[in-house]
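Q: sequence plus the predicted model coming up.
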Amino acid sequence: MSARGGEPTILVVDFGAQYAQLIARRVREAHVRSQIVPWSITPAEVRRLDPIGLILSGGPASVYSDDAYTIDPGILDLGVPTLGICYGHQLIAQTLGGSVAHTPDGEYGKTRFETVGDSVLLKGLPTEQQVWMSHGDQVVSVPQGFRAVGRSPGAEVAAMEDPERGLYGVQFHPEVVHTPRGAEILKRFLHEVCGATPSWTSHSIIETQVVSIRDQVGEGRVICGLSGGVDSAVAAALVHEAVGDQLTCIFVDHGLLRAGEAEQVEETFESVFAIDLIHVKAEDRFLEKLTGVIDPEEKRRVIGEIFIRVFEEAASTVGDARFLVQGTLYPDVIESGSSSAATIKTHHNVGGLPEDMTLELVEPLRDLFKDEVRAIGEELGLPEEIVWRQPFPGPGLAVRIIGEVTRERLDTLRAADTIISEEIRRAGLYREVWQAFGVLPGIKTVGVQGDGRTYAYPLVVRAVTSEDAMTADWARLPHELLERISSRVINEVPAINRVAYDISSKPPATIEWE
Ligand code: XMP
C-alpha cells in the first residue's frame, strides 16, 4: 500500500540542515505528495511506504567524514527512481562505487552550469543555466552505469544519471529560487522519471482528510478549541465538513484579542458555517487574575492556567465528547534527520490544552505545510482575514502591554493596533510582512498638542519579516507608511502622544517585547 491512502508519494530523505523541508514543499507545489523520512530509514521501511520516488536531500556533512550520515545501500537497489541533491548526489556516487573528494574550489552561491550530452533529467532545458551551489566536496568519478551530464567551474560531475536504474544526481540545489529552472528540473524528475501525476491538490487533500476523519471519529462527539488563528480555524472547518453536527467548537475569549477578532470568529463559525459554537466571554476572569501582574512569564502562566480551566468547564458541558481537534502542522511532527533541523515549536503555547484530558486527538493538518493549510482554508470558504491572519501569540495583547494589563491600556493598544493593521493592509504589505503590531510600554512621555502639554503613552510599532519566527529582521517599511501610522495613531488615540519604530532584528532581540 502507498504511503497514505493510496496517494502516490515521494519520500524525501533528510540529511539535516532543513534542506529536506524545502524540497518537500517544492514537491507539494508540483501537486505531488511528499513525506520526509530520516536518513536512517531501512529498505524494508521504504518498501512498506511504497513511494513512487526518492529524493536524497543536501546536508551539512562530508560523505567521507567518520560521523557522516549514510544510506543503506539496499535502498538504491529497490528499483525506486531516486534523485540525489548536493550531499545526496555525492552519497549516491560514493555508495555505488564512484568517488568523492574535497575540491580546492568550493562553490557557494550562484554558479554557471552546463549540460553535457543528452540527459533525461535536463532535457528541454538550456545548455547553460544559472544554478545555486553550496559544496566543498565534489564527485570526481561516477559509478559504473552512470554518465556525467553536467559540469560547473568547480565540479566536473555537477550532474550524473543512470536512466536504466532510474538514478540521478545533481550537485546544485534545484529547490532554491536562485536556481531559476530548478522547479522545472524537479518536475521533470517527478513527472517524467517517477510518472507522478499532479494529483495532490487542495480538493484531494480535503477529500482524503474527510474520509480519514470519518473513519477515526465514527459517530463520536468532537470538540475543537478555536483561537481566531488560521490553523484551528481550518482544522475546525475540515472536521465540520467531515462530521457536521458532531462537532462543537469552543472559543475562549480572554479579552486580549485584537479589535473585531472575536466577532469574526462568531460570524464565521456560527453564522456562515452554522457550527455549534460555545463562545466563552471570560475577559473579566482573565483581567481580574492579571491585576498587579508585571512579569511576562507570570502573565503567561496566569493566562495559561485560567485558559485551561475555562476550556475544561466549557468542554464538560458538551457531555459525551470523545475527540479533541488540534491544528498541529507537518513541520511540528517531522522526524528530523539531525538535531540541527529539530522541530521548531513555540515556547509557551498558551491556548494549549489540558494534558490530562482523556480525549483522543484528531489532527487533520498533521500532514500539511502552512501554505497548504491556507489553500484548503480558502477552498473550504473561510474568509481571507482568517486564512491570511498574521501569527498572534496565545496570551494576546497581554504580552504587548509592558507592565500591568488594564482595561484602559488594552483599549488604547487595541485602537492603535487597528490603525497599524489597516495601514499595512492599505499599503498592500500585510502578507509580505510576517507580523506588524503595536507595543505599549509602561512609561509616559511629554508632548504638546494644541495649546497644552500632554503626558501620555508612547507606542512602539514593530514590523518584522521572517520565514519561521526563529529569526526575523525589522521590516523596511516605507517612510510615508510610517508617517501615516504615526500621525493617525497620535491623532486618533488620545492616550498616545508619540510613536517609535523598533529597528531590532532577532536575534538578539525577539519579535515580541515580552
Ligand atoms: P518571539 O517573541 O519569541 O516570538 O521572537 C516568536 C513567535 O512566537 C510568537 N509568540 C507566542 N506564541 N504563545 C504563542 O502562542 C506565546 O506565549 C508567544 N510568545 C511569542 C510571536 O508572536 C512570534 O510569532
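A: Structure's in. What do you need? Residues are numbered from 1 along each chain as shown.

Q: neighbours of H240, how many?
A: Using other CB atoms under 10 Å, H240 has 23 neighbouring residues. Placement of C-beta: from N, CA and C, glycine included.

Q: quick check: it vs A233, distance?
A: Distance from H240 to A233, counting by CB to CB, to the nearest Å: 11 Å.

Q: also G403?
A: Going from G403 to A233 by CB to CB gives 32 Å.

Q: the residue in the stretch 1-150 of the chain that the ligand sits nearest to: neighbour count?
A: Relative to the ligand, the nearest point of the stretch 1-150 of the chain is Q18 (17.3 Å; CB to the nearest ligand atom). Q18: 23 surrounding residues under other CB under 10 Å.

Q: likewise I303?
A: 26.

Q: also G255?
A: 19.

Q: ok, now G169?
A: Using other CB under 10 Å, G169 has 32 neighbouring residues.

Q: partner strands of the helix or strand where it lies, parallel or antiparallel?
A: According to DSSP states H and E, G169 maps onto strand 167-170. With DSSP bridges as the test, strand 167-170 is paired with strand 82-85 (parallel), strand 155-162 (antiparallel).

Q: tell me how far stretch 300-319 lies from the chain's centre.
A: Stretch 300-319 sits 27 Å away from the centroid of its parent chain (CA atoms, centre = their mean, to the nearest Å).

Q: average pLDDT across that stretch?
A: What stretch 300-319 shows for mean pLDDT is 95.

Q: centre of this structure to the edge, which residue is at the far end?
A: Distance from the C-alpha centroid of the chain peaks at D451, with 50.9 Å (CA atoms, centre = their mean).

Q: gap between it and K444?
A: In this view, D451 and K444 are 20 Å apart by CB to CB.

Q: kindly report the same for H254.
A: 26 Å.

Q: neighbour-wise, which of these two wins?
A: H254 (26 against 15).

Q: return the residues of the stretch 351-500 of the chain in contact with the ligand.
A: The stretch 351-500 of the chain has residues 391, 393-395, 399, 435, 469 near the ligand, with proximity defined as CB under 6 Å from any ligand atom.

Q: of G403 and A233, give the one with the bigger neighbour count.
A: A233 (28 against 13).

Q: grab the nearest non-local neighbour of that one.
A: Spatial nearest neighbour of A233, chain neighbours left out: I386 (5.0 Å); criterion: CB to CB, 6 or more residues apart in numbering.

Q: list the contacts of that neighbour.
A: Applying CB atoms under 8 Å, 6 or more residues apart in numbering, we find I386 in contact with 228-230, 233, 264, 268, 377.

Q: name the element it belongs to?
A: helix 384-387.

Q: same deal with V464?
A: strand 452-465.

Q: next, see if the helix-or-strand element of the chain with minimal mean pLDDT gets close to the ligand.
A: Lowest mean confidence among the helices and strands of the chain (mean pLDDT, DSSP states H and E): helix 330-333, at a mean of 86. No - interface with the ligand: helix 330-333 contributes nothing (CB under 6 Å from any ligand atom), its closest point being 12.5 Å away.

Q: so how far is whatever helix or strand comes next after that helix off the chain centroid?
A: Remark: after helix 330-333, the chain's next helix or strand is strand 360-362, criterion DSSP H and E. Strand 360-362 has its C-alpha centroid displaced from the chain centroid by 21 Å (CA atoms, centre = their mean).

Q: other SSEs contacting strand 360-362?
A: For strand 360-362, the packing partners by 3 or more CB pairs under 8 Å, 6 or more residues apart in numbering; DSSP states H and E come out as helix 202-217, strand 321-325.

Q: to the ligand, which of those lies closest?
A: Taking CB to the nearest ligand atom, strand 321-325 is the member of these nearest to the ligand, at 17.2 Å.

Q: was I right to think V464 contacts Q435?
A: Yes - when contacts are counted by CB atoms under 8 Å, V464 is listed as touching Q435 (5.7 Å).

Q: these two: who's more crowded?
A: Ranked by neighbour count (other CB under 10 Å), V464 and Q435 place V464 first, with 22 against 19.

Q: parallel or antiparallel, list what pairs with the top strand by length along the chain.
A: In the chain, taking DSSP state E as the definition, the longest strand is strand 99-115. Strand 99-115 has its sheet partners listed here by DSSP bridges as strand 128-141 (antiparallel), strand 147-152 (antiparallel).

Q: let's have these in CSV, adding mean pLDDT and mean neighbour count.
A: Formatted as CSV, those follow (pLDDT from 0 to 100; neighbours: other CB atoms under 10 Å):
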stretch, mean pLDDT, mean neighbour count
strand 128-141, 95, 20
strand 147-152, 98, 21
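
Q: can you lay out the ones you listed as TSV showing distance to the ligand?
A: As requested, the strands paired with strand 99-115 are exported to TSV (distance: least, CB to the nearest ligand atom, whole Å):
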stretch	distance to the ligand
strand 128-141	27
strand 147-152	38
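
Q: chain neighbours aside, what residue packs nearest to L91?
A: In space, L91 is closest to V63, 5.5 Å off (CB to CB, 6+ apart).

Q: ok, now G260?
A: Distances taken as CB to CB, 6+ apart place T418 nearest to G260, at 7.7 Å, with adjacent residues excluded.
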